[in-house]
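Colleague: Based on what follows, work out the 3D shape:
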Amino acid sequence: YFWYLLLFIFGSAIGSFLNVLTIRYQPDKSLLSRDVISGRSSCPFCRNRLKWYELIPLFSFFIQKGRCRDCRQKLSWQYPIVELLTGLLFVLIFRRLFFIYNPFHLVLLGESLFSFYLITVLWLIIAVVYLTISIIDLKHQIIPDGLNIFLFLIVLGLIAGGFQNSFLGPYKLLFGPQNINIWINHLIAGLAALLFFVLIFFLWQGKGMGLGDLKLVAVSGFLLGWPDISLALILAFFSGALVSIFLMLYKKKTFKDSVPFGPFLTLGVFLVFFFGEIILRFYFNLLELLS
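Modeller: Numbering: from 1, shown residues only. All right, here's what the predicted structure looks like:
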């Protein structure tokens, strides 16, 4: 639990940095431009520079009751939500990989823990990139190419190390042979996901989906491999449809309005990462009960 606490604190600090990046980001500028990453944090309303005790993740927002200490304007709930979500992701990803790779077992076998630490760091970076993509897509309906490229490079390292495998447990055997080379598996998954979305893109004449979405889908397929990407896409479409229906019922959106797909794809990817096997078990048990 001590390590969980440290991970949560570190993750929430990363979330605080993500808030700075995504709030300052402008579509016509690079995410790492000087205007985005340089300069001290300040209130978005009165522009007063924030003191160190106003920058403590989560704590500062709630102790100030969600308001600027100087001008008393209400601050965005994005600040605590992103900090909390990033902290929780850091803890949960570590916990998930801990049970998958079991470092205690590696120690008993006399193997190095380097691979476990490396895959954990890579997945934490992947989570941060997906979260950044989701926030920017929600705010600007755009997915920067730089983030897609960076995510692809991290995934490349993950697969090159032979660290990636299916999160569907024994249910992966239902989707075809499993003795395919890891590179071929992940390349096929990325290309299949891309071609499927290219087809949708042309059928809908580019409405409701941008080129950034297509690139993110391809990278996500490359990350998860087959058959995991198929479940991730189903979950992404399903969650996106539910939210869209909800927004239309409450007249927040119309049928002609587009809804950013990046956050739903991110949700689909991490639902598979955390609960892929559980979801399929529930699905097949439900089918058995209904039959």
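
Colleague: Tell me which stretches of the stretch 151-291 of the chain form helices.
Modeller: 182-203, 211-224, 228-249, 262-290 (DSSP state H, counting those that start in this stretch).

Colleague: What does G162 show for phi and psi?
Modeller: phi 70, psi 30 (degrees, to the nearest 10).

Colleague: close enough to count as contact, it and I182?
Modeller: Yes. With contact defined as C-beta atoms under 8 Å, G162 counts as touching I182 (6.5 Å). The C-beta positions use only the backbone N, C-alpha and C, and glycine is treated the same way.

Colleague: Please identify which of the two sits among more neighbours.
Modeller: Remark: of G162 and I182, I182 carries more neighbours, 14 against 11, as counted by other C-beta atoms under 10 Å.

Colleague: what residues are up against that one?
Modeller: I159, G162, Q164, G225 (C-beta atoms under 8 Å, 6 or more residues apart in numbering).

Colleague: what's the farthest-apart pair in these?
Modeller: G162 and G225 (12.2 Å; C-beta to C-beta).

Colleague: looking only at pLDDT, what's the mean for stretch 244-251?
Modeller: Averaging pLDDT along stretch 244-251 gives 80.

Colleague: could I get that stretch in CSV with only the CA atoms?
Modeller: Extracted in CSV, the C-alpha atoms of stretch 244-251 (Å, rounded to 0.1, in the frame of the first residue of the first chain):
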residue,chain,number,x,y,z
SER,A,244,-24.5,10.2,-27.9
ILE,A,245,-28.0,9.0,-27.2
PHE,A,246,-27.9,10.5,-23.8
LEU,A,247,-26.7,13.9,-25.1
MET,A,248,-29.4,13.9,-27.8
LEU,A,249,-32.1,13.1,-25.3
TYR,A,250,-31.1,16.0,-23.1
LYS,A,251,-30.7,18.2,-26.3
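
Colleague: And that stretch, what's buried?
Modeller: S244 (16 or more other C-beta atoms under 10 Å).

Colleague: how far is it from where the chain is centred?
Modeller: Distance of stretch 244-251 from its chain centroid, counting by C-alpha atoms, centre = their mean, to the nearest Å, is 24 Å.

Colleague: What about the contacts of I182, which one has the most neighbours?
Modeller: That'd be G225 among those, by other C-beta under 10 Å, with 24 neighbours.

Colleague: That one: what's it in contact with?
Modeller: Q164, S166, I182, N185, H186, A189 are the contacts of G225 under C-beta under 8 Å, 6+ apart.

Colleague: do the same with S239
Modeller: S239 touches F264, L267, G268, counting by C-beta under 8 Å, 6+ apart.
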